[in-house]
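Enquirer: model this:
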Amino acid sequence: WTLLRSFAAIFVAAVVCFIFHKQIVDFLRWPAPDDLKLIYLSPTEGFMIYIKVALFSGLVVALPYVSYEFWKFIVPGLLDKERKLVPPIVFFTVFCFALGGAFAYSVIIPFAMKFLLGFQTEYLEATLAIGKYLGFVVTLILVFGVVFELPVLSFFLSKVGLLTPDFLRSKRRYGIVTIFILAAFLTPPDITTQLFLAGPLIILYEISIWVSAAVVRKKAAEEEEED
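Expert: Numbers count the residues shown, from 1 in each chain. You can find the predicted model right below:
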């Protein structure tokens, strides 16, 4: 039922977003240079692009409700004092996703487009298929939105005792290597965009250590008071 309610919310949001599909496409078009021409290559591609944009937008719009359903599903397995954390966790889940998406939209994508389109010459001109361009933009927004959830995940796992700052510190070296592998896998095949993802991920890893340490200290203090 959690999955069905979540999918229903995304579907309803997607239907509403389809009404504003042109405005949403214009919004996603903004990070690219003004003189870039986007084309579609088949009679049905333009319509299918609007459908995909509506689905993506519906996912983003429905994210607060989907996050609520996700955490509500986990609540029965938590202690009473841990259940009180669900509302702020839902808030920060949405906030961190929005922050990561905004960072990708306003910083990463414009820089990546400028860099990648910088290889044009007088005999080599870039004309992008709109599906490829929007796939590039949406992928980066989703990837950065998800990776910015790392501190929230660290907070929750530390709160339920599944993660400690000592573990994160001891695995820092492996974590950094994993981050660069993920950055190479998740981003377009250019070193600049990969570094732009790896940099924030390393910072978020360090923030996660700090968050985990703060949670562990607070839990230790509460246990001392109870004793």
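
Enquirer: where in this protein is the helix or strand with the lowest mean pLDDT?
Expert: Sorting the helices and strands of the chain by mean pLDDT, DSSP states H and E puts helix 80-83 at the bottom, at a mean of 68.

Enquirer: find the helix or strand that Leu128 is a member of.
Expert: Secondary-structure assignment from DSSP states H and E places Leu128 in strand 127-129.

Enquirer: skip ahead from that strand and say which helix or strand is next.
Expert: Downstream of strand 127-129 (by DSSP H and E), the next one is helix 130-147.

Enquirer: separation between the residue most central in space within the chain and Leu204?
Expert: Geometric centre of the chain, nearest residue: Gly145, 1.5 Å, by C-alpha atoms, centre = their mean. Gly145 sits 12 Å away from Leu204, going by C-beta to C-beta, to the nearest Å. Quick note: C-beta positions are derived from backbone N, CA and C, even for glycine.

Enquirer: how about Ala221?
Expert: According to C-beta to C-beta, Ala221 and Leu204 sit 26 Å apart.

Enquirer: when these two are compared, which one has more neighbours?
Expert: Neighbour count, other C-beta atoms under 10 Å: between Ala221 and Leu204, Leu204 has more, with 20 against 10.

Enquirer: tell me if I'm right that the more buried one and Leu153 touch.
Expert: No: the pair Leu204 and Leu153 fails to qualify as a contact (C-beta atoms under 8 Å) at a distance of 10.0 Å.

Enquirer: what about the helices in the chain?
Expert: 2-19, 21-29, 45-61, 63-74, 80-83, 86-103, 109-116, 130-147, 150-159, 165-170, 172-186, 191-226 (DSSP state H).

Enquirer: residues making contact with the second one?
Expert: Which is helix 21-29. Applying C-beta atoms under 8 Å, 6 or more residues apart in numbering, the external contacts of helix 21-29 come out as 17, 38, 49-50, 53-54, 57, 130, 133-134, 137-138.

Enquirer: can you give me the offset of that helix from its chain's centre?
Expert: 19 Å (C-alpha atoms, centre = their mean, to the nearest Å).

Enquirer: how about that helix: buried residues?
Expert: Of all the residues in helix 21-29, those buried under the rule 16 or more other C-beta atoms under 10 Å are 21, 24-25, 28.

Enquirer: that one vs helix 109-116, what angle?
Expert: 60 degrees (axes from the mean of the first three to the mean of the last three C-alpha atoms, to 10 degrees).

Enquirer: could I have the CA atoms of helix 21-29 written out in PDB?
Expert: Backbone C-alpha positions of helix 21-29 (Å, rounded to 0.1, in the frame of the first residue of the first chain) are rendered in PDB as follows:
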ATOM      1  CA  HIS A  21       4.900  20.900 -19.700                       C
ATOM      2  CA  LYS A  22       6.100  23.800 -22.000                       C
ATOM      3  CA  GLN A  23       7.000  25.900 -19.000                       C
ATOM      4  CA  ILE A  24       8.900  23.000 -17.400                       C
ATOM      5  CA  VAL A  25      10.800  22.300 -20.600                       C
ATOM      6  CA  ASP A  26      11.700  26.000 -20.800                       C
ATOM      7  CA  PHE A  27      12.900  25.800 -17.200                       C
ATOM      8  CA  LEU A  28      15.100  22.800 -18.000                       C
ATOM      9  CA  ARG A  29      16.400  24.500 -21.100                       C
END
